[in-house]
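*Asks:* Okay, sequence plus prediction incoming.
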Amino acid sequence: MTLQEIINESERIVFFGGAGVSTESGIPDFRSVDGLYNQKYDYPPEEILSHTFFVKHTDYFYNFYKDKMLALDAEPNDAHIKLAELERAGKLTAVVTQNIDGLHQKAGSKNVFELHGSVHRNYCMNCGKFFSAEFIKNSDGIPVCECGGTVKPDVVLYEEGLDNETVNGALRAISEADCLIVAGTSLNVYPAAGFIRYFGGKYFVLINRDKTPADSAANLVIHDSVGKILSDIEV
């Protein structure tokens, strides 16, 4: 079957996306040749983006974070736009994403489960006041609240757990879906990669440039650009 035929037959589609969905908007991923893990810093990016490093070296964390994680000028690509169309048409029930860039919402998607948080939510660690991503980007050094507290991004750092409410909502959506489209992810990052085990519906589709550990379990595997494939879908 083609992807178009699967989508036509499905009524409760869930899209599960990784970094490959956002790279087409110019946002770097972590593990590719040009990804963050292959660039040179004083510390490995995995260490910089850890809770311990945030606490001990907050200034260095923010230098890296503002430079590499805040792509506030990025725009939704064809994948984000098509998914929002599918939701408006009543075909797509949820987007589950490992990305923190907010591009799904910018494209118009409403029911989005952000497993790793969002750069657009930032809170004072002292009083809890909310701050925008622009405030973080434009701050001089460490972002500080009026009360004197450090402002922390609502993103899941290494050593931190996923938000239970977000996880439960994502797993519920996946378990109730009749079609799961997994795209732009290597399926090597846990616990997120384990979410697909909760799918028991009819059609399991994988779209990724490279092979994944779950290719053999899918009804349809497409090794290509996510945006290119989804842009051809008629809603």
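*Replies:* On my side now, so go ahead. Numbers count the residues shown, from 1 in each chain.

*Asks:* C-alpha from now on. contacts and neighbour counts both.
*Replies:* Will do.

*Asks:* Report the distance from the longest strand seen in the chain to the chain centre.
*Replies:* When the chain is parsed with DSSP state E, its longest strand is strand 117-124. Distance, stretch centre to chain centre, for strand 117-124: 14 Å (C-alpha atoms, centre = their mean, to the nearest Å).

*Asks:* swap in stretch 47-56?
*Replies:* Relative to its parent chain, stretch 47-56 has a centroid offset of 20 Å by C-alpha atoms, centre = their mean.

*Asks:* ok, now stretch 141-148?
*Replies:* Stretch 141-148 has its C-alpha centroid displaced from the chain centroid by 27 Å (C-alpha atoms, centre = their mean).

*Asks:* Leaving out chain neighbours, which residue sits closest to G141?
*Replies:* Distance criterion C-alpha to C-alpha, 6 or more residues apart in numbering; nearest residue to G141, sequence neighbours excluded, is D59 at 6.3 Å.

*Asks:* Kindly apply the preceding question to V21 instead.
*Replies:* Spatial nearest neighbour of V21, excluding adjacent residues (C-alpha to C-alpha, 6+ apart): G184 at 5.1 Å.

*Asks:* which other helices and strands contact the helix ranked longest in the chain?
*Replies:* Longest helix in the chain by number of residues, with DSSP state H as the criterion: helix 164-176. Of the remaining helices and strands, those touching helix 164-176 by 3 or more C-alpha pairs under 8 Å, 6 or more residues apart in numbering; DSSP states H and E are strand 92-97, strand 112-114.

*Asks:* Next SSE downstream of the first one?
*Replies:* Think strand 92-97. Counting by DSSP states H and E, the next helix or strand C-terminal to strand 92-97 is helix 103-107.

*Asks:* Before we go further, V14 is sitting in a helix, right?
*Replies:* No - counting by DSSP: H, G, I helix; E, B strand; the rest coil, V14 is not part of a helix but strand.

*Asks:* tell me the secondary structure for the residue nearest to G141?
*Replies:* Looking at D59 with three-state DSSP, the answer is helix.

*Asks:* Please, where are all the strands along the protein?
*Replies:* So, for the chain - with DSSP E - the strands run 13-17, 92-97, 112-114, 117-124, 130-131, 151-155, 179-183, 203-207, 220-222.

*Asks:* Can you tell me the centre-most residue of this protein?
*Replies:* N99 (1.7 Å; C-alpha atoms, centre = their mean).

*Asks:* Buried residues, the helix or strand of the chain with the lowest mean pLDDT. List them.
*Replies:* When each helix and strand of the chain is scored by mean pLDDT, DSSP states H and E, helix 45-48 comes last, with a mean of 88. For helix 45-48, a neighbour-count test (16 or more other C-alpha atoms under 10 Å) marks 45, 48 as buried.

*Asks:* Stretch 209-229 now?
*Replies:* Within stretch 209-229, the residues scored as buried using 16+ other C-alpha under 10 Å are 209, 211-212, 214-215, 220-222, 225-227, 229.

*Asks:* Pull the most distant pair out of those residues.
*Replies:* The largest separation in the buried residues of stretch 209-229, counting by C-alpha to C-alpha, is between A214 and G227 at 20.6 Å.
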